[in-house]
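# sequence plus the predicted model coming up.
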Amino acid sequence: MTISDVLEHWAEIYKPLSHDPLSKKLEEKSFFKIRDIDEENIFSRNANIIHSPCMLYRVVNSGELKSDKQALVTYQVCFLTKLKDSSTTLGRYDGSKLQQASDDLMEYCEDLASYLTQLRRTGICPITGENFKQEEPKLGMELSAIDIESFAYGVNPLFRGPSWLLADCYWQTIRPLYSFQCEKEQKYNIPAPSEKDDTDNPSSGDGATTESGKEG
């Protein structure tokens, strides 16, 4: 289990999204993993039928080492909502609809921040009671190290989606790095002892051999 699983869980329980991960219909899904919003992705290919609002998780994360025991990792999600047209005005030209959509997007970002703040304190989903800390201790440590003050969000005026408005949301967390010695058995192909090693360190036989080569 990773941060992306936690975010998808939130998308399922958060009413405006109500994501259904088991559905075969895109219009019933509202959480998607993408490489980048500027690259062709499942949203850009299916924007006409995807649920509004929706949440996109960017899988291309970045990080930097803070010490030999910690890494600072940056995560990004995007919220999008569709501007509906009326019989007289296109949604993207309707100031009132733009304002409402912008307010909604900002609220989604703030609700996510509030949820992550709660997880930071307890590691337990306050809605379902799922214990992320118990299921995956390493994830629990990462959740408890979310830097709430790093949380940044806002509506992106440069997004070129004719009928959609987008808000970016970023935050950082400290990911623990385990000792090399602790995880080398699980992560590395350690060569088996060679025959040469066996001959270099022979075990003692049944009898002892004297300097003259005769058995004592």
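That came through fine.

# Tyr115 is in contact with Trp10, correct?
Yes: between Trp10 and Tyr115 there is a contact under CB atoms under 8 Å: 5.6 Å. Any C-beta I mention is one placed from the backbone N, CA and C, and that applies to glycine too.

# any stretches of this protein with poor pLDDT?
Residues of the chain meeting the criterion pLDDT under 70: 85-93, 195-216.

# can you name the next helix or strand after the top helix by length along the chain?
Assignment by DSSP state H gives helix 95-122 as the longest helix of the chain. Using DSSP states H and E, the helix or strand that follows helix 95-122 in sequence is helix 132-135.

# which elements pack onto that following helix?
With contacts defined as 3 or more CB pairs under 8 Å, 6 or more residues apart in numbering; DSSP states H and E, the packing partners of helix 132-135 are helix 137-144.

# quick check: what element follows the helix it packs on along the chain?
Taking DSSP H and E, what comes next after helix 137-144 is strand 146-155.

# buried ones in that following strand?
Neighbour counts over strand 146-155 (16 or more other CB atoms under 10 Å) mark Ile146, Phe151, Tyr153, Val155 as buried.

# with distance to Pro162 as extra columns, can I get these in a markdown table?
Formatted as a markdown table, these follow (distance: CB to CB, whole Å):
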| residue | distance to Pro162 |
| --- | --- |
| Ile146 | 35 |
| Phe151 | 29 |
| Tyr153 | 23 |
| Val155 | 16 |
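
# closest to Ser194 out of these?
Relative to Ser194, the closest of the buried residues of strand 146-155 is Ile146; by CB to CB it sits at 47.2 Å.

# so which elements touch the longest helix of the chain?
Against helix 95-122 (3+ CB pairs under 8 Å, 6+ apart) you get helix 3-13, strand 70-82, helix 137-144, strand 146-155, strand 164-176.

# swap the cut-off to 6 Å and go again
When contacts are defined as 3 or more CB pairs under 6 Å, 6 or more residues apart in numbering; DSSP states H and E, helix 95-122 sits against strand 70-82, helix 137-144, strand 146-155, strand 164-176.

# can I get those in TSV including distance to Pro53?
Converted to TSV, those look like this (distance: least, CB to CB, whole Å):
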stretch	distance to Pro53
strand 70-82	4
helix 137-144	24
strand 146-155	13
strand 164-176	9
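
# closest one to His51 among these?
strand 70-82 (9.1 Å).

# and the closest one, what's buried?
If you call a residue buried by 16+ other CB under 10 Å, then strand 70-82 has these buried ones: Leu72, Val73, Tyr75, Gln76, Val77, Cys78, Phe79, Leu80, Thr81, Lys82.

# what about the nearest residue to Trp171 once chain neighbours are set aside, distance to Ala101?
Of all residues not flanking Trp171 in the chain, Phe151 sits nearest, at 4.5 Å (CB to CB, 6 or more residues apart in numbering). Computed as CB to CB, to the nearest Å, the Phe151 to Ala101 distance reads 21 Å.

# in contact with Ser194, which residues?
By CB atoms under 6 Å, 6 or more residues apart in numbering, the contact list for Ser194 is empty.

# ok, now Ile174?
Gln70, Leu72, Ala145.

# try it again at 8 Å.
Lys66, Gln70, Ala71, Leu72, Val73, Glu142, Ala145, Asp147 (CB atoms under 8 Å, 6 or more residues apart in numbering).
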